[in-house]
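Enquirer: For reference, the sequence and a predicted model appear below.
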Amino acid sequence: MNKTVLSVRQLNESIQAALQATFPEPVWVKGEVQRLPHDAARRKHVYFELHDGQGQGAAKYQIPAALLGWDRDRFGLGKYLDGSDPAFRLQDKLEVCLLCRVDFYPPFGKISLKVVGIDPEFSLGQLEAQRRRTLAWLEENGLLELNKTRLVSELPLRVGLITSAGSAAEKDFRTSLTDSGYPFHVELSDCRMQGEQVTVQVSAALNHLSSRDLDIIVITRGGGSRADLSWFDQQDLCAAVARCELPVIAAIGHEIDTSLADLCAHTRCKTPTAAGEWLVDRIEIQDQRLTSATEAFHTAVLDKLDQAAEALTVGERLARATLNTLDASDRNLRTLGTLLSARTGRAVDRGQHRLQGAAWRLASGVRQRTQAARRQTDYLARRLSHETPRATAAGGRRLDRAIALLAPRAQNLARERTTHLDLLEEKVRLLDPKRLLERGFTLTLDEAGKRVARAADTHSGQKLRTRFQDSEITSIVSEGGGKARPKLKTKTRTKPKGGGSGGEEDPGQQALF
């Protein structure tokens, strides 16, 4: 019986021919992107996988896929990797529809897909459908309005910040607070703002900051495509924002972007800078209220002092008025006596005794009225001299109480500023590179003096300088670049830290690298 025997090469080439006959043209394939490199935009060829879990969690089917450099240039697919497309960017965990050539490589017997086209509308449609399902769930569970019920402090100076450390969003937010001149305290929680770790890290940060002595929490990041910002439409993340014990300000993306996390937050701001300005405006309102109250209190104290001074002059005016009255009465009496004597000159003898009696009674009455007026004047003068110091003392006590209330606030503000400066000084001291060298770490620099952090950043023949605590050595990369592990040759002398030259090559240096 004759049997047909194929070599591996013949079999693989037959499989290749069969696949080419079955799929002569590119086909559209949908699936979930997995294992996409984080630096895909910088790579010439990008390799990843397409998974199909059929809605059951873990993938039941998968196939390798590749976006080759020449296909990316030929079909203009680079904009879907570097973020230059405003609506869509290829990323992990994203449901996509790709135009692919089915490829089989006979030497390795490996089948894969070569991407030649991308349908962004498919992915955006999937994201929008998921967003609508999440929005309906949030409305059903009353989570869209929950965080809006949290009370915002009248002086929200203690702020929890959730963003990527060192990002432009962090810089813009902090700058808006610093420029205000108010003593804000910001506690940063460094989180990924894109990718599948967003939900886990941001939710954990919300729980942690809620337990701290803070007034408010701000979540912020810069702009991006709709696919980039879709991580803030995740159901668990939105629920964490809504249930946070502190009021949350969300400033995610650009002015035209609105995520579900924005809708669940207490307040939505358009940009990181706008979030900072919102806090500054709230402090300015309270500052103006305090200034107005201080001015009103100062005016009231001055009015009371003016009234007390006015009361001191009342006695003097009353005494002058009394003396004037007495002088007028005396003049009137003399005038009356003169008239009476002229009119009764012919009857003096007959009414002398009667006139003398009337004159005596009249003089006695005048003396009594004069004495009564003087006693009343003395009484009023004594009462005024007694009441005036008491009114002045009461005004002084109210002024002392006002000063006692304002002084602790000024002292507390000075202590908070001093504590903040001490913390900054300690951070600067701990981050000093000299301390790392003293602990045994080394620092590698290229020819331009730039720090070399990864082997992928080197190339063959490149000169490197490695700095120790007490000296420095120069090395040359014999093999390097890409994923290959570079080999270094110690070429030149050891340079002591204090200057000069000399020293022999360290035989263990090559093993270190």
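Expert: It's in.

Enquirer: domains of the protein?
Expert: Domain assignment for the chain by automatic domain parsing gives 8-118, 131-285, 294-336+368-430, 437-512.

Enquirer: and the third one, how far apart are its ends?
Expert: Start-to-end span of domain 294-336+368-430 (C-alpha to C-alpha, to the nearest Å) is 43 Å.

Enquirer: do the same with stretch 82-93
Expert: 17 Å.

Enquirer: before we move on, back to that, which of the domains of the chain sits most buried?
Expert: Greatest average neighbour count among these goes to domain 131-285 (a mean of 19), per mean count of other C-beta atoms under 10 Å. (Each C-beta comes from the backbone N, C-alpha and C, glycine too.)

Enquirer: Return the distance of it from the chain's centre.
Expert: 9 Å (C-alpha atoms, centre = their mean, to the nearest Å).

Enquirer: And stretch 87-94, by the same measure?
Expert: Its chain's C-alpha centre and that of stretch 87-94 lie 29 Å apart, by C-alpha atoms, centre = their mean.

Enquirer: what's the span of that stretch from first residue to last?
Expert: End residues of stretch 87-94 are separated by 14 Å (C-alpha to C-alpha).

Enquirer: And for stretch 91-100?
Expert: Stretch 91-100 has an end-to-end distance of 17 Å (C-alpha to C-alpha).

Enquirer: now do stretch 16-32
Expert: First residue to last in stretch 16-32 (C-alpha to C-alpha) measures 26 Å.

Enquirer: Enumerate every residue touching Ile252.
Expert: Ile219, Thr220, Arg221, Leu229, Phe232, Ser259, Ala261, Asp262 (C-beta atoms under 8 Å, 6 or more residues apart in numbering).

Enquirer: Mind doing that once more with 10 Å?
Expert: Taking C-beta atoms under 10 Å, 6 or more residues apart in numbering, we find Ile252 in contact with 163, 169, 193, 219-224, 229, 231-232, 258-262, 265, 268-272, 275.

Enquirer: for the strand or helix carrying Leu124, packing partners?
Expert: Taking DSSP states H and E as the definition, Leu124 sits inside helix 120-140. Helices and strands touching helix 120-140, by 3 or more C-beta pairs under 10 Å, 6 or more residues apart in numbering; DSSP states H and E, are strand 27-34, strand 95-105, helix 226-229, helix 235-243, helix 260-264.

Enquirer: What helices and strands are in contact with the third one?
Expert: Going back to what we said before, that points to helix 226-229. Using 3+ C-beta pairs under 10 Å, 6+ apart, the elements in contact with helix 226-229 are helix 120-140, helix 260-264.

Enquirer: Recalculate using a threshold of 7 Å.
Expert: Helix 226-229 sits against helix 120-140, with contacts defined as 3 or more C-beta pairs under 7 Å, 6 or more residues apart in numbering; DSSP states H and E.

Enquirer: ok, then the element right after the helix it packs on?
Expert: strand 158-163.

Enquirer: Parallel or antiparallel, list what pairs with that following strand.
Expert: The strands that strand 158-163 pairs with in its sheet are strand 185-190 (parallel), strand 216-221 (parallel) (by DSSP bridges).

Enquirer: Looking at these, which is nearest to Tyr61?
Expert: strand 216-221 (34.2 Å; C-beta to C-beta).

Enquirer: Could you check the angle that closest one makes with helix 235-243?
Expert: Inter-element angle recorded for strand 216-221 and helix 235-243: 150 degrees (by axes from the mean of the first three to the mean of the last three C-alpha atoms, to 10 degrees).

Enquirer: Residues in contact with strand 216-221: which ones?
Expert: Here strand 216-221 makes contact (C-beta atoms under 7 Å, 6 or more residues apart in numbering) with 152, 156, 159-164, 169, 173, 193, 202, 206, 209, 244, 246-252, 261, 272, 275.

Enquirer: how distant is the lengthiest helix in the chain from the center of its chain?
Expert: As assigned by DSSP state H, the longest helix anywhere in the chain is helix 348-430. Centroid separation for helix 348-430 versus its chain: 53 Å, with C-alpha atoms, centre = their mean.

Enquirer: From Arg35, how far off is Glu95?
Expert: Taking C-beta to C-beta, to the nearest Å as the measure, Glu95 falls 15 Å from Arg35.

Enquirer: sorry, back to before: I'd like the domains of the chain as a markdown table, with mean pLDDT and distance to Gly125 appended.
Expert: Shown next, in a markdown table, are the domains of the chain (pLDDT from 0 to 100; distance: least, C-beta to C-beta, whole Å):
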| stretch | mean pLDDT | distance to Gly125 |
| --- | --- | --- |
| domain 8-118 | 86 | 9 |
| domain 131-285 | 89 | 11 |
| domain 294-336+368-430 | 77 | 47 |
| domain 437-512 | 68 | 37 |
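
Enquirer: Name the next helix or strand downstream of whichever helix or strand Arg435 is part of, please.
Expert: Per DSSP H and E, Arg435 falls inside helix 433-438. The helix or strand immediately downstream of helix 433-438 is strand 443-445, counting by DSSP H and E.

Enquirer: Pull the residues that contact the next helix or strand after that next one.
Expert: Proceeding C-terminally, strand 443-445 gives way to strand 463-467 as the next helix or strand, assigned by DSSP H and E. The contact list for strand 463-467, computed with C-beta under 7 Å, 6+ apart, reads 437, 442-447, 452, 472-477, 488.

Enquirer: Tell me the one among those residues nearest to Leu127.
Expert: Closest approach between the contacts of strand 463-467 and Leu127, by C-beta to C-beta: Val452, at 39.2 Å.

Enquirer: Phi and psi next, for that closest one.
Expert: When read as degrees, to the nearest 10, the backbone of Val452 gives phi -100, psi 110.
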